[in-house]
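Asks: Turn this into a structure:
(one chain, ligands or ions: 1)
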Amino acid sequence: MHMRAKTLALAVLAPAFLLPILFLVVGCEKQSSSSSTQPATGSASGGAIKIGHYGSMTGSEATFGVSTDNGIKLAVKERNAAGGVNGKQIQLITYDDQGKGQEAVTAVTRLIQQDGVVAVLGEVASSRSIAAGPVCQREGVPMISPSSTNPQVTEIGDMIFRVCFIDPFQGYVGASFAKNQLKLDKAATLYNRSQAYSAGLNKEFVNAFEKLGGQVLIQQAYADGDNDFSAQLTAIREKNPQFIYIPGYYTEVVNIARQARKLGVTCPLIGGDGWVSEELKNAGDALDGCYFSDHYSQEDKRPEVQDFLKKYKSEYGKTPDSMAALGYDAANLLFDAMKRAKSLNGHDLADAIASTKDFKAVTGNITINEHRDANKLAVIQKIQGGQFSYYATVEPPK
Ligand code: PHE
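Replies: Take a look at the predicted model:
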């Protein structure tokens, strides 16, 4: 493992004064899950190739769905402007699952059975990919998760893929960064027991940290919807850890950070990709000097990154977070596979996705491995003044 610490401190979040700008994207269609139904077609209709996206467009993880959808829409727009795939335009249908597993199942069922999509993109949150993935598997329609990192997601079966790293690696990244880079030996953890991502990443972090010789003094948990963390934080404070590892999602992380500081817990908090959101600014200075692992850095000089930044900024008036980048990558990887596939029939398309090698993406080159996952680097972001910026790169162990 190599860790390259850099001292670059460019802020990567859009300034708060940039107003969100609305764009209409030709060839994209947004429908709510209550809109009227369309006849099942089994594949494309009206000459266009339909693809689906399901995500949390609303709810406490709304930035996950919205960012991902923005990335996908940009990829669709570019592909269509360049002539589509094999001469056909791409039509994107997005459904909001409100951050709920049951809604995710409904959305994916509808995309496949009523809209007749040839492939599904989503979800961000592992629990929702685990809930809805079996529908894609059963129906024989390939699903690519842009950013679900729990190993169980692709274990669902041979129709399920992802374009991001997985949590055994991400847990190791957090552990080795704390132990080897920050020289911290005593950890506490606080995780969400209702989320597969959070509970899984907690376990991976603890394993890796102990293997590296660190000590985990206490592990505390909460559940979806909790917003008072004082009991857990008080128990943690009593153990006097040097840092707290919090593998949760941003809304909870902001609340935990504010409450921790109020209770006099001053140690750094360290987390994973679930922290990625411009909403971290709501923590004020409570997250200053804290770190989390992420999928890519906007300070990466590769042309894939810099071109994407420019295009995304001019389209949406703000900078793309990692979900936007991964959504864009997942869609482009799908189009690449569509061009190579024998047909757009589910199994032919899945074969083409599975044989993806060294695909040049924003978040790094993607080769789909035998588990239908991608081996990628991770970056560490550091938070200051509610904004995060690139701090270090962590490569998979050789
Ligand atoms: N990896 C998280 C999960 O599996 C989701 C996530 C990805 C969140 C990227 C933020 C950024 O649930």
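Asks: ok, the residue nearest the centre of the chain - contacts?
Replies: Among the residues of the chain, residue 147 comes closest to the average C-alpha position under C-alpha atoms, centre = their mean, at 3.3 Å. With contact taken as C-beta atoms under 8 Å, 6 or more residues apart in numbering, residue 147 is in contact with 64, 68, 124, 162-164, 273, 295, 322-323, 326-327. Where you see a C-beta, it was placed from the backbone N, CA and C, and this is true even at glycine.
Asks: what about 6 Å?
Replies: Shown in contact with residue 147 (C-beta atoms under 6 Å, 6 or more residues apart in numbering): 124, 164, 323, 326.
Asks: among these, which are in helices?
Replies: Among the contacts of residue 147, the members found in helices (DSSP state H) are 323, 326.
Asks: Could you dump the contacts of residue 147 into JSON lines and include pLDDT?
Replies: JSON lines is the format used below for the contacts of residue 147 (pLDDT from 0 to 100):
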{"residue": "124", "pLDDT": "97"}
{"residue": "164", "pLDDT": "98"}
{"residue": "323", "pLDDT": "97"}
{"residue": "326", "pLDDT": "98"}
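Asks: how about the contacts of residue 147 in JSON lines, adding neighbour count and distance to the ligand?
Replies: Compiled in JSON lines, those are given as follows (neighbours: other C-beta atoms under 10 Å; distance: C-beta to the nearest ligand atom, whole Å):
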{"residue": "124", "neighbour count": "31", "distance to the ligand": "5"}
{"residue": "164", "neighbour count": "29", "distance to the ligand": "7"}
{"residue": "323", "neighbour count": "27", "distance to the ligand": "5"}
{"residue": "326", "neighbour count": "34", "distance to the ligand": "7"}
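Asks: Would you mind measuring from the residue nearest to the centre of the chain to the ligand?
Replies: Per C-beta to the nearest ligand atom, to the nearest Å, residue 147 is found 3 Å from the ligand.
Asks: Against residue 255, how distant is that residue?
Replies: Using C-beta to C-beta, to the nearest Å, residue 147 is found at 22 Å from residue 255.
Asks: just residue 333 next, same as before
Replies: In this view, residue 333 and residue 255 are 35 Å apart by C-beta to C-beta.
Asks: Of the two, give the one with the bigger neighbour count.
Replies: In this view residue 333 and residue 255 are compared by other C-beta atoms under 10 Å, and residue 333 has more residues nearby, 23 against 19.
Asks: That one: what's it in contact with?
Replies: Shown here is residue 333, whose contacts under the criterion C-beta under 6 Å, 6+ apart are 163, 359.
Asks: now with 7 Å?
Replies: Neighbour list for residue 333: 144, 163, 356, 359, 361, 366 [criterion: C-beta atoms under 7 Å, 6 or more residues apart in numbering].
Asks: Following element in sequence after the helix or strand bottoming out on mean pLDDT in the chain, please.
Replies: Ranked by mean pLDDT, DSSP states H and E, the helix or strand of the chain with the weakest confidence is strand 28-30, at a mean of 45. Helices and strands here follow DSSP states H and E; after strand 28-30, the next one along the chain is strand 49-55.
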